[in-house]
Each structure stands twice: as C-alpha cells, then as structure tokens.
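A.B. asks: sequence unknown, structure follows:
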C-alpha cells in the first residue's frame, strides 16, 4: 500500500517537471499575478514632461507669442511715419496775407505814406458823427496800406482804437492815381461818450509791416474851419478798398 503511494507521487513529480520544461521552451514563462515590474520600454521611449526650453539650459522657455519669431510686432519702435513730410504748408503760413488791390511786381511795391499820397479828411452826413479819410496814391509805384491809420487830434495823449470787425482779409494796395479809405466814428450818437472836445488839427500816421511800427512820414490833412468834435467814443476802421466799406462801421 505504501509502495503504491510512493509510485503515484513519483509519477506526479515527473509530470510537473515535464510541464515546467515545456513552458520554458515555449518562451511564455509563468506569470506572477502580484508582481510589479517596471515598464522598461515606456521609460525609454515616452518623453518626460520637461520644460520647453533646452534640457540643461538656464534660459527660460518662451511663450508661444515669442517663439520662432525675431520680427518686431510693430508696437514698439518702427519707422517714423512723418519722415520726409513736405514743409511747404509751414512756409506758406509764414508769408502772411496777400495784397488786395494794386498791381505790378510785389517786389516793386512800396508803403503808402505822407510822401507819396494825398490825404483828405472830411465829415460825412451819413452815418451820423462819422468822418471819411481818403488816401490817393500820387506816386509812380503801387503802394500798400497796412493795418489802420493812427489818428491824433491836436495834442491828444491817447490813440483811437480800431474796429476789429473791419479788419480786411489782405493788405490794401492802391495803384498810382487810385484811392483807399478809412472811416472814423467821432462821437457816440446817444451822447454816452466822455471828454467831448473840438479838434483843430489832425495828424494821420501810417504803420509799417509790423503793428505799431512807423510806415514813413505822416500826413496832416486840413479840417473844416470850425474844427471837428470828438469824444471818448473815437474809433477808426482798418484801411478799406472801397468808400462804402469804410463807412459801414
């Protein structure tokens, strides 16, 4: 009985040995259900989650907006869009206004003053309390009247101010034999003016190319024998090309 059991055990051992040998030769081996083996293939082939910068480099990785482009995005620096701008507009501004009336070469024009004109001053019935100054070019060249006449009755110590609304668009020019004008408000029609007095003599001054500069000799037109009454309302227009414009203000 004992001998039979030993034979059975021996036969079972031979069978197990045979099965193990066969499995090894097949190359499949036996599988350990609980083993935790590292995956060598994945470690070697799968890239790690390293920064986008070069490995081992201290340079920080760039954002997608900066990578692969060495061009300026146009927000900084760039070309000067004003380069080569025509400066003719600035030069034209410096030339000042043109001349209204008169003819001939602008380089040959001269200033109108007491040496090349005849000046008259006479009160007019309309508008009330107004006087008209007329300047006639008696010279051989066209002349220009700049700004407004500077008036002085007798020894008055103040200068009548101009009517700014009467300022023309250009310098008034007159050819030989032609005339230009200025209107004078002598006194307020409603009697609101102060210091009313009668002027016996009148001096008409001419301005140069810059305000309040001398334009040459003054003129002394004669006044009516009874003189001319004026008060603190005394004002004068800029030089005008026509008589009607001069008496509008």
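C.D. replies: On my side now, so go ahead. None of the values given here were measured: they were computed from a predicted structure.
A.B. asks: all strands of the chain, in order?
C.D. replies: Ranges of strands in the chain, per DSSP state E, are 99-100, 110-111, 117-124, 130-137, 143-153, 161-162, 171-174, 179-185, 197-199, 202-207, 228-230, 235-236.
A.B. asks: correct me, but residue 209 touches residue 171?
C.D. replies: No. Residue 209 is beyond contact range of residue 171, at 9.0 Å (criterion: CB atoms under 8 Å). C-beta: built from backbone N, CA, C; applies to glycine.
A.B. asks: quick one: which of these two has more around it?
C.D. replies: residue 171 (20 against 12; other CB atoms under 10 Å).
A.B. asks: ok so, going back, pull up the overlap in contacts between residue 209 and residue 171.
C.D. replies: Common neighbours of residue 209 and residue 171 (criterion: CB atoms under 8 Å, 6 or more residues apart in numbering): residue 146.
A.B. asks: burial measure for residue 157, as a count.
C.D. replies: With other CB under 10 Å as criterion, residue 157 counts 5.
A.B. asks: rewinding a little: any chance of the strands of the chain in CSV, with distance to residue 216 and mean pLDDT too?
C.D. replies: Converted to CSV, the strands of the chain look like this (distance: least, CB to CB, whole Å; pLDDT from 0 to 100):
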stretch, distance to residue 216, mean pLDDT
strand 99-100, 17, 66
strand 110-111, 6, 96
strand 117-124, 10, 98
strand 130-137, 12, 98
strand 143-153, 10, 97
strand 161-162, 19, 96
strand 171-174, 15, 96
strand 179-185, 15, 98
strand 197-199, 23, 96
strand 202-207, 6, 98
strand 228-230, 24, 97
strand 235-236, 18, 98
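A.B. asks: got CSV for the ones you listed, with distance to residue 244 too?
C.D. replies: Below are the strands of the chain laid out as CSV (distance: least, CB to CB, whole Å):
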stretch, distance to residue 244
strand 99-100, 15
strand 110-111, 25
strand 117-124, 12
strand 130-137, 11
strand 143-153, 17
strand 161-162, 18
strand 171-174, 14
strand 179-185, 9
strand 197-199, 25
strand 202-207, 20
strand 228-230, 22
strand 235-236, 17
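A.B. asks: out of these, which comes closest to residue 221?
C.D. replies: Smallest distance to residue 221 across these (CB to CB): 4.3 Å, for strand 117-124.
A.B. asks: Who are the contact partners of residue 185?
C.D. replies: 129, 130, 163, 233, 234, 235, 236, 249.
A.B. asks: can you do 7 Å?
C.D. replies: 129, 130, 233, 234, 235 (CB atoms under 7 Å, 6 or more residues apart in numbering).
A.B. asks: For these, which single residue is the most surrounded?
C.D. replies: residue 234 (24 neighbours).
A.B. asks: From what I see, it and residue 160 are in contact.
C.D. replies: Yes. Assessed by CB atoms under 7 Å, residue 234 is found in contact with residue 160 at 4.5 Å.
A.B. asks: tally of neighbours for the nearest residue to residue 181 once chain neighbours are set aside?
C.D. replies: Of all residues not flanking residue 181 in the chain, residue 246 sits nearest, at 3.8 Å (CB to CB, 6 or more residues apart in numbering). Counted by other CB under 10 Å, the residues lying close to residue 246 total 24.
A.B. asks: Looking at the contacts of residue 185, which is nearest residue 117?
C.D. replies: Among the contacts of residue 185, and counting by CB to CB, the member closest to residue 117 is residue 130, at 21.3 Å.
A.B. asks: Please name the bridge partners of that closest one.
C.D. replies: residue 124, residue 185 (DSSP bridges).
A.B. asks: Show the contacting residues for it.
C.D. replies: 124, 183, 184, 185, 186, 247.
A.B. asks: In these, find the pair that's most separated.
C.D. replies: 186 and 247 (12.5 Å).
A.B. asks: more crowded one of the two?
C.D. replies: Neighbour count, other CB under 10 Å: between residue 186 and residue 247, residue 186 has more, with 22 against 19.
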